[in-house]
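Peer 1: coords please:
(2 chains)
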Amino acid sequence: MKRLSKVGKVRLTVQLLFLIIVVYVVIGHTLEEQGIVLPLLQGASIHAICPFGGVVTLYEFFTEGSFVQKIHESSLYLMVLVLVTAVIAGPLFCGWVCPFGTVQEWMAKIGRALFKKRYNRMVPPKADRVLRYLRYGVLAWVLWATATSAKLIFAEYDPYYALFNFWTGEVAVTAFIALAAVVVLSLFIERPFCKYACPYGALLGLTNLFRPFSIRRNESTCISCSRCDTVCPMNLTVSTVKSVRDHQCISCLECTSEAACPVEKTLQLSTPSKGGSAS
Amino acid sequence: MTIHARTAAIILIAILLAGVIFLRITGLWVTESQKVPQKIVLGDNEEVSDPADIRGSYTFADIEQHFEIPARLLAQAFTLDVLEKDPQLYTAKNVDEHFEGIEGLPGDIGTDAVRTFVALFLHIPYVSEEDTILPSTAVDILVSEAQIDSEVAQRLRETSYLVPSEESTPSSSDAVESPVTTQSEETYLIQGKTTFADLIDQGLTVAQIEQVLNEKIDDVDQKVKDFAEERDKEFSVYKTPFQDLIDSL
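Peer 2: Next up is the predicted model:
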């Protein structure tokens, strides 16, 4: 098994921290229904700590002054906090926080062991390019369906919700099917849900187009080895661009790690430099 | 300016976790609903708070606020000790816990019993879950404080749990001798399990049913409640006119 890079270790630590928080919340919520209250997060359900809940409730919030079913103020504030990080440095939430992304990455380890170099390279590029926009369709549908029903419609199809609530009896069959599909696809494609279906990733991905801190390549020191391309979980081409502005970048920083880029300070998450290096 | 992995991690943790801690300190971090029941959207009780929306986490104070039924009366109805705890602090879920494990309980007394009590108290149509019953003390209060119809009171008494006299609070004297778990056989009551076929068996014609539904029946074995849910409507929208038709036969 490949050793983790420094970036990988730091990122895994943060991913584990947020995964533990989410698991703590969902277990706490289950226990609370049985009268056992865990400290710190009383009353919080998985919906209460989901920033995407803040996005889907915006219409209801501005038109009715209320929240859609199961969504509370906490989701709205988390949405703002995540947006702040995204506006600064892109979808760090996707690459570092989202527990469903973390789980998909762990599934990818199995896929990589099974398919070696063919892993994550199986979808024909032409189809892949088109499918990458599918998540904007999902985002539009979720926003429309939630606005017109004032209910958390996406929960019925949400594999993330299914994964962290499978024992509650509240998960719809459709969400279990979505979860099964993501698990199976993760054996062939890295982060399939993030790439093709995640509505929140679609929204946060837009910050890649204007964020001040982006992945920048120093053309003068780059040796064009293309290793950065091979480590990118989102299959982005990093080796030929000055700055990664692709809407699919999840700011995982794997391409900037010493394992991916052999020349120090060639790929960095940075603002444009005055002299043009690393930009 | 460059952000390294460690800095990115610190930024994330600082903004997200410190943000949440700040919101908690300032009281802005709210992770539970405000306990405001939905309003009824159709019928005579339009814009009235809907008892069907009472959840287990609602305190009696919440119910008092939205339905104007005193918390003390609710505690009395469900034989909760007001000396042990302020009646405002009891929750609907406490009613479940209070009656849990009582031997010989002929049905379920919990959150849905609270909904049923509130609906009956306010004369709002509500279809209880099939196992739901009320304690005899609640029926007594409905009779004395809400002046419910004597026939309804009789039906409730037939299924109620007779609270032993030492547990009950005032006016349980006219409770029935022993609990009976079945509905009265004289009057057919539409319940959650009632199908269109049941309505036909009770003497309604297909035309009458379709007139109420305002559409054709696809499946006579479908439950009326499921039909209502599929159309995002309250069960009472259909239950009440069907019950009226059956009562008039």
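Peer 1: ok, and the closest non-adjacent residue to B:Val30?
Peer 2: A:Glu73 (4.0 Å; C-beta to C-beta, 6 or more residues apart in numbering or on different chains). In this view, the C-beta of every residue, glycine as well, is placed from N, C-alpha and C.
Peer 1: how many other residues sit next to that neighbour?
Peer 2: Counted with other C-beta atoms under 10 Å in any protein chain shown, the neighbours of A:Glu73 add up to 19.
Peer 1: Does it touch B:Glu32 like I think?
Peer 2: No: the criterion here is C-beta atoms under 8 Å, and A:Glu73 misses it with B:Glu32 at 9.7 Å.
Peer 1: Can you point out the buried residues in the longest helix belonging to chain B?
Peer 2: As assigned by DSSP state H, the longest helix anywhere in chain B is helix B:235-248. For helix B:235-248, the neighbour count (16 or more other C-beta atoms under 10 Å in any protein chain shown) marks B:235-240, B:242-243, B:245-246 as buried.
Peer 1: which residues are in contact with it?
Peer 2: B:42-43, B:125-127, B:187-190, B:192, B:199, B:202-204, B:208-209, B:212-213, B:224-225, B:227-229 (C-beta atoms under 8 Å, 6 or more residues apart in numbering or on different chains).
Peer 1: for stretch B:113-129, same thing?
Peer 2: Counting by C-beta under 8 Å, 6+ apart, B:40, B:43, B:45, B:48, B:50-52, B:54, B:58, B:63, B:67, B:69, B:74, B:77-78, B:92, B:95, B:108, B:112, B:132-135, B:138, B:141-142, B:145-146, B:148, B:152, B:156, B:190-192, B:225, B:235-236, B:239-240 sit against stretch B:113-129.
Peer 1: For the most centrally placed residue in chain B, give its distance to chain A.
Peer 2: The centroid of chain B falls nearest to B:Arg115 when counting by C-alpha atoms, centre = their mean (2.5 Å). Using C-beta to the nearest C-beta, to the nearest Å, B:Arg115 is found at 18 Å from chain A.
Peer 1: Is that residue within a helix or a strand, and which one?
Peer 2: helix B:111-122 (DSSP states H and E).
Peer 1: Quick one: mean pLDDT for that helix?
Peer 2: Average pLDDT, helix B:111-122: 95.
Peer 1: for stretch A:109-122, same thing?
Peer 2: On average, stretch A:109-122 scores 93.
Peer 1: List the backbone torsions phi and psi for A:Ser270.
Peer 2: When read as degrees, to the nearest 10, the backbone of A:Ser270 gives phi -150, psi 170.
Peer 1: Oh, that last question was meant for B:Asp108, not what I typed.
Peer 2: Dihedral angles (degrees, to the nearest 10) for B:Asp108: phi -110, psi 130.
Peer 1: what about the residue of the stretch 101-250 of chain A found nearest chain B, neighbour count?
Peer 2: Using C-beta to the nearest C-beta, A:Phe213 is the residue of the stretch 101-250 of chain A that sits closest to chain B, at 5.5 Å. Close neighbours of A:Phe213, defined as other C-beta under 10 Å, add up to 22.
Peer 1: So what's the predicted local confidence for it?
Peer 2: 95.
Peer 1: Point out where the chain drops to low pLDDT.
Peer 2: Answering for chain A, as no chain was given. A:1-2, A:33-35, A:41-43, A:274-279 (pLDDT under 70).
Peer 1: try chain B instead
Peer 2: For chain B (pLDDT under 70), the answer is B:33-34, B:165-187.
Peer 1: Spell out which parts of chain B neighbour chain A.
Peer 2: Counting by C-beta under 8 Å from any C-beta of the partner chain, the residues of chain B close to chain A are B:1-6, B:8-9, B:11-13, B:15-16, B:19-20, B:23, B:28-33, B:97.
Peer 1: Kindly recompute the last result at 10 Å.
Peer 2: B:1-20, B:22-24, B:28-34, B:36, B:38, B:56-57, B:93, B:97, B:232 (C-beta under 10 Å from any C-beta of the partner chain).
Peer 1: isn't A:Cys15 right up against A:Cys94?
Peer 2: Actually, residue A:15 is Gln rather than Cys. No: A:Gln15 lies out of contact with A:Cys94 (C-beta atoms under 10 Å); the separation is 11.0 Å.
Peer 1: Domain-wise, how is chain B divided?
Peer 2: With domains defined by automatic domain parsing, chain B comprises B:1-31, B:51-159, B:196-248.
Peer 1: So which residues of the stretch 101-250 of chain A form helices?
Peer 2: A:125-131, A:134-149, A:159-165, A:173-186, A:192-196, A:199-205, A:227-231 (DSSP state H, counting those that start in this stretch).
Peer 1: thinking again about what came up before, got any residues that touch both of A:Glu73 and B:Glu32?
Peer 2: When contacts are counted by C-beta atoms under 10 Å, 6 or more residues apart in numbering or on different chains, A:Glu73 and B:Glu32 are jointly contacted by A:Ala48.
Peer 1: how close does the residue lying closest to A:Gln268 once chain neighbours are set aside get to B:Phe196?
Peer 2: In space, and not counting its chain neighbours, A:Gln268 is closest to B:Thr2: 4.9 Å by C-beta to C-beta, 6+ apart. Going from B:Thr2 to B:Phe196 by C-beta to C-beta, to the nearest Å gives 70 Å.
Peer 1: Between these two, point out the one with more neighbours.
Peer 2: More crowded of B:Thr2 and B:Phe196, by other C-beta under 10 Å: B:Phe196, with 22 against 14.
Peer 1: Contacts only, for the more buried one.
Peer 2: B:204, B:206, B:209-210, B:213, B:217-224, B:227, B:242.
Peer 1: Could you give me the ChimeraX selection string for whichever of those are buried?
Peer 2: A single ChimeraX command is used to select the members of these judged buried by 16+ other C-beta under 10 Å:
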select /B:204,209,213,217,223,224,227,242
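Peer 1: Which ones among the contacts of B:Phe196 lie within helices?
Peer 2: Using DSSP H, those in helices are B:206, B:209-210, B:213, B:224, B:227, B:242.
Peer 1: on contacts alone, who are the packing partners of the one helix or strand A:Met79 maps to?
Peer 2: Secondary structure assignment for A:Met79, by DSSP H and E: helix A:73-89. Judged by 3 or more C-beta pairs under 10 Å, 6 or more residues apart in numbering or on different chains; DSSP states H and E, helix A:73-89 is in contact with helix A:51-56, helix A:58-64, helix A:92, helix A:199-205, helix B:5-13, helix B:19-25.
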